[in-house]
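Chemist: Structure for the following, please:
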Amino acid sequence: MTKIIGLTGGIGSGKSTVASYFASKGIPVYIADEAAKKIMNRKSVVLEVSSIFSENVLDNKNKLDRKKIASIVFNNPQKLKKLNEIIHPKVKTHFTNWLKRHSKHPFIIKEVAILFETGGDKDCDAVILVTAPEEIRIQRTILRDNSNELSVKERIKNQLSDEIKKKSSNFIVNNIKLEATLKEIDNIIEVLKNS
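Modeler: As a prediction, this is how the structure comes out:
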């Protein structure tokens, strides 16, 4: 049976870089956030999601305005819960179908930003946590998203701390220097191939 290897890490940790490297090695990688984006573009989902908000959450193309939704649910746990109740089961089904198509592989990578927060780690055979010092994560995110230090710190504060995630992770990758990180990933691939 194909093993599910969870890949996670806080904002700016570099988990996307790590995911791309796994993919470059011919290992199937499922990016949960990309799947969720596609699912949120479905007409039926657009209607379902917009019905839980009193505000208009559609953009000028009648698609869901993800930034606006994010800003609303950021401080509203009830709305976030309702949104997750719509999206998460659909992503789960999407992943199950994707997994069937990649069942010939000994293991796949499932990249989920909020793996522990959603309890998704329980569905994984092992978990890889990508970490980096907070200052590096802040700098990377500012460069990537063109945001400011305060908003990045807010987002970090809203995620589970690495210290908590480390306790439930099988592999911890300290992503500071890319070359060292890729070597670590090569070692993990060897371990996973032989386990």
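
Chemist: What about E48, how many residues nearby?
Modeler: 16 (other C-beta atoms under 10 Å). For glycine as for every other residue, the C-beta is placed from the backbone atoms N, C-alpha and C.

Chemist: Okay, the nearest residue to it once chain neighbours are set aside and R101: tell me how far apart.
Modeler: Spatial nearest neighbour of E48, chain neighbours left out: I86 (5.4 Å); criterion: C-beta to C-beta, 6 or more residues apart in numbering. According to C-beta to C-beta, to the nearest Å, I86 stands 24 Å off from R101.

Chemist: Equivalent analysis for Q159, please.
Modeler: Noted for Q159: a distance of 31 Å to R101, by C-beta to C-beta.

Chemist: Those two: which is more packed in?
Modeler: Shown here are Q159 and R101; by other C-beta under 10 Å, Q159 has more neighbours (18 against 9).

Chemist: The more buried one contacts E117, correct?
Modeler: Yes: at 7.3 Å, Q159 counts as touching E117 under the criterion of C-beta atoms under 8 Å.

Chemist: how about the helices in the chain?
Modeler: Under the criterion DSSP state H, helices of the chain are mapped to 15-24, 32-40, 43-50, 66-73, 77-101, 134-145, 149-157, 162-167, 178-193.
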